[in-house]
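Colleague: please find the sequence and the predicted model below.
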Amino acid sequence: MEWYTPPKVSGVSMKAVEPYSRTIRFGDFEVDLRAGELRKHGVRIRLQDQPLKILTTLVERAGDVVSREEFRQALWPADTFVDFDHGLSAAVNKLREALCDSADHPRYVETIPRRGYRFIAEVDGFAAPPTVAEPQARPAPPPRTKALLRPALLAGSGLLGVAVVLVGLNVGGWRERLLLRPANAHVQSIAVLPLENLSGDPSQEYFADGMTEELTTDLGKIGALRVISRTSTMRYKGNKKPLPEIARELNVDAIVEGTVARSGSRLHITANLIQASPERHLWAESYEGEVADALAVQGEIAQAVGRKIGLNITEKERELLTVRQPVNSAAQDLYMEGRFVWHLAENAEASQKAVNYFQKAIDMDPSFAKAYAALASVYSVWIPGMAQGPRDRMPKAREFAMKALALDNTIAESHGTLGMIDLFYDWNWSAAEEEYKQTIALNPNYFWVHSWHARGLVARGQTEQAVAEAQRVIGLSPSPLNWDYPIWVFVLARREDLARERSEQLLRVAPQWTWAHFSAAHVYELQGDSEKAAHESLKADELFGAEPRKIAQLKEAFAKSGAQGYWRRTLENYKETAKSNYVEPVLVAEACARIGDKECTFEWLEKGFEERDDLMINLKVEPVLDSLHSDPRFQDLVRRVGIPQ
């Protein structure tokens with residue numbers, strides 16, 4: 001850890017901190033200047049960089065008024081672009097929150113109207129230097145050792161002098177290598193917590209979230225590092241849990257946290273790297289520049305984090321983190337707004353809104369590869385309520401993915417999308433495998449590609465490999481809210497033990513989430529409990545927001561005739577919905593199979609074949625269809641879909 005260097009105020013350096021000066025104490029708190037930490041009763045209090053600097057400035061000048069202008073010069077240099085007044089006030093508020101202080105009745109930080117702030121609590125001062133024990137007398141070395149010792153010491157002092165020069169001049173980056181090298185930082189897994197929006201504008205949340213996603217994606221390109229998915233870390237947005245607790249929940253060695261502030265065309269980002277156990281601050285840096293450079297900055301941060309924890313970033317990975325196409329800043333904004341909407345999309349309307357954002361970004365900057373990649377992703381995913389089926393959506397998805405790769409062939413998302421289209425729509429199993437390999441080579445931590453790969457493996461009967469991939473998905477996305485896909489793979493693999501365990505965890509965490517109950521229904525059906533499976537499916541229908549009339553009919557049917565009644569009514573609802581919107585034909589076929597109507601089942605399976613329903617690849621492993629395997633019509637469907645033997 002580097003020595004703390006006090007900021008300068010009005011061009012004059014503040015009180016110098018001697019090498020032994022480590023801790024300033026007040027009340028129940030202490031500031032460890034060497035570690036850059038605020039602690040209460042020895043427990044670290046999470047505090048962002050700017051509030052911590054403000055606290056350090058105030059306690060070092062306890063009793064004096066530190067003017068707003070002095071803070072501006074010390075912490076917000078002349079070329080800083082953020083709203084200073086708001087930024088300072090927001091940072092002081094965060095400091096007060098950490099100290100449990102009040103602006104109206106301050107115990108620590110007093111506001112001096114129109115002037116600045118003053119620290120009013122009694123400060124103990126600096127800790128005394130540690131006592132060094134007198135070394136015990138040692139036997140004199142033998143004559144030969146004495147003879148060799150002096151030249152060795154002289155050589156050592158010479159090398160030390162060279163090192164001092166190299167560090168001072170930072171020749172070849174020696175300062176970073178010697179002073180900033182990791183001190184046994186055994187970090188092999190990491191999570192990026194949602195970056196905090198310090199712009200003072202809630203409407204800029206999409207930008208902070210977008211920067212979080214970009215940094216997560218860039219770190220994911222480093223093969224030696226396991227990076228937790230954005231979908232798992234976003235649930236900690238605004239969360240006050242201690243970092244070690246978050247790290248334990250996500251099963252990671254370290255956390256990246258930071259802030260994002262933008263004003264006009266200017267951008268300011270801070271990033272901090274904290275090791276979880278033992279908890280210690282490993283690295284911090286600030287980045288300033290143009291908003292248009294936002295995506296490039298994240299690549300710089302990812303490389304800095306990798307270097308700090310001692311990772312061997314390959315030349316290929318370095319290229320992936322530095323090769324960027326120039327981006328129109330307005331198009332970049334539209335792109336990030338589109339991703340913000342897309343991640344929250346739960347219906348067809350929200351999906352279309354995301355499409356509109358991405359299309360506007362492309363219209364503004366036709367060479368913006370990432371916008372094409374995002375557009376391809378949206379078109380490749382069907383959401384209940386969409387009128388368009390695969391034949392309308394998938395060709396568009398392929399077109400936009402190919403366009404993205406023509407502009408930038410290093411976009412893992414587009415290779416993953418092409419692999420999904422190859423598998424789910426074209427049923428081209430070998431082509432899908434090749435795209436997945438390219439995706440993983442570009443971003444080993446892209447958890448969706450592992451999900452799709454797992455499903456392809458289980459569909460073709462490679463059960464153990466499929467289970468391993470599904471387990472890898474869970475490792476990359478530890479939040480149970482992302483386990484519905486792995487649970488489905490476990491069901492198709494007939495791994496009841498794994499499916500049941502993960503399903504129960506998911507239900508405990510999200511008892512009111514639609515897909516948690518769909519997953520539970522799959523598990524109960526695998527166990528042969530059709531009544532409980534139907535009950536969970538009904539609960540999922542209700543949470544999904546189906547029409548009250550249809551829910552009432554389903555409940556009545558279930559109450560009257562159990563699972564058979566529920567599925568007969570569900571079949572009628574599917575047929576009614578199919579008149580105006582796309583309904584996956586295989587879902588209808590499975591409802592037919594559950595009530596024992598074989599002819600109805602094959603009628604809808606044929607429609608699934610014609611519509612290129614992605615569920616067709618599950619024919620051989622879907623438990624609901626087991627009774628059809630001996631039927632020649634079923635075997636013919638398997639052959640036409642081209643499922644490998």
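Modeller: Yes, it's here. Numbering: from 1, shown residues only.
Colleague: remind me which residues of this structure are low pLDDT?
Modeller: Of all residues in the chain, those with pLDDT under 70 make up the ranges 1-22, 34, 42, 76-86, 114, 125-185, 323-324.
Colleague: domains of it?
Modeller: Listed domain ranges for the chain are 8-119, 189-324 (source: automatic domain parsing).
Colleague: as TSV, these with mean neighbour count would be great.
Modeller: Just so you know, the C-beta spots here come from the backbone N, C-alpha and C atoms, and that holds for glycine as well. Supplementary listing: the domains of the chain in TSV, determined by neighbours: other Cβ atoms under 10 Å:
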stretch	mean neighbour count
domain 8-119	16
domain 189-324	20
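Colleague: looking at those domains, which is nearest to Val467?
Modeller: With Cβ to Cβ, the closest approach to Val467 among the domains of the chain belongs to domain 189-324: 18.7 Å.
Colleague: not counting its neighbours along the chain, what's nearest Gln645?
Modeller: The shortest distance from Gln645 to any residue other than its chain neighbours is 7.9 Å, reached at Gly461 (Cβ to Cβ, 6 or more residues apart in numbering).
Colleague: same question for Arg500.
Modeller: By the measure of Cβ to Cβ, 6+ apart, the closest residue to Arg500 outside its immediate chain neighbours is Val523, 5.4 Å from it.
Colleague: just the C-alphas of the host helix or strand of Gln303, formatted as CSV.
Modeller: Secondary-structure assignment from DSSP states H and E places Gln303 in helix 294-308. Coordinates of the C-alpha atoms in helix 294-308 are reproduced here as CSV (Å, rounded to 0.1, in the frame of the first residue of the first chain):
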residue,chain,number,x,y,z
ALA,A,294,-16.3,6.2,-22.1
LEU,A,295,-16.1,2.7,-23.7
ALA,A,296,-12.3,3.0,-24.2
VAL,A,297,-11.8,4.1,-20.5
GLN,A,298,-13.3,0.9,-19.3
GLY,A,299,-10.7,-1.1,-21.2
GLU,A,300,-8.0,0.9,-19.5
ILE,A,301,-9.5,0.2,-16.1
ALA,A,302,-9.8,-3.5,-16.8
GLN,A,303,-6.1,-3.7,-17.8
ALA,A,304,-5.1,-1.7,-14.7
VAL,A,305,-7.1,-4.1,-12.4
GLY,A,306,-5.5,-7.1,-14.1
ARG,A,307,-2.0,-5.7,-13.6
LYS,A,308,-2.6,-4.8,-10.0
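Colleague: can you give me the helices for the stretch 101-250 of the chain?
Modeller: Assignment of helices within the stretch 101-250 of the chain using DSSP state H, counting those that start in this stretch yields the ranges 143-169, 174-179, 205-220, 230-233, 243-250.
Colleague: try the stretch 351-500 of the chain
Modeller: For the stretch 351-500 of the chain, helices defined by DSSP H, counting those that start in this stretch occupy the ranges 369-380, 390-407, 412-424, 429-442, 447-459, 463-476, 484-492, 496-509.
Colleague: the stretch 251-400 of the chain: strands as residue ranges?
Modeller: Counting by DSSP state E, counting those that start in this stretch, the stretch 251-400 of the chain has these strands, from start to end: 254-263, 266-275, 280-290.
Colleague: now stretch 566-583: buried residues?
Modeller: By neighbour count, and taking 16 or more other Cβ atoms under 10 Å as the criterion, the buried residues in stretch 566-583 are Tyr566, Trp567, Arg568, Arg569, Thr570, Leu571, Asn573, Tyr574, Thr577, Tyr582, Val583.
Colleague: list the residues that contact the third one.
Modeller: Taking Cβ atoms under 8 Å, 6 or more residues apart in numbering as the definition of contact, the neighbours of Arg568 are Ala557, Ser561, Ile595.
Colleague: any chance of the residues you listed in CSV with neighbour count, secondary structure and distance to Ser377 as columns?
Modeller: As requested, these are exported to CSV (neighbours: other Cβ atoms under 10 Å; DSSP: H, G, I helix; E, B strand; the rest coil; distance: Cβ to Cβ, whole Å):
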residue, neighbour count, secondary structure, distance to Ser377
Ala557, 21, helix, 37
Ser561, 13, helix, 42
Ile595, 16, coil, 36
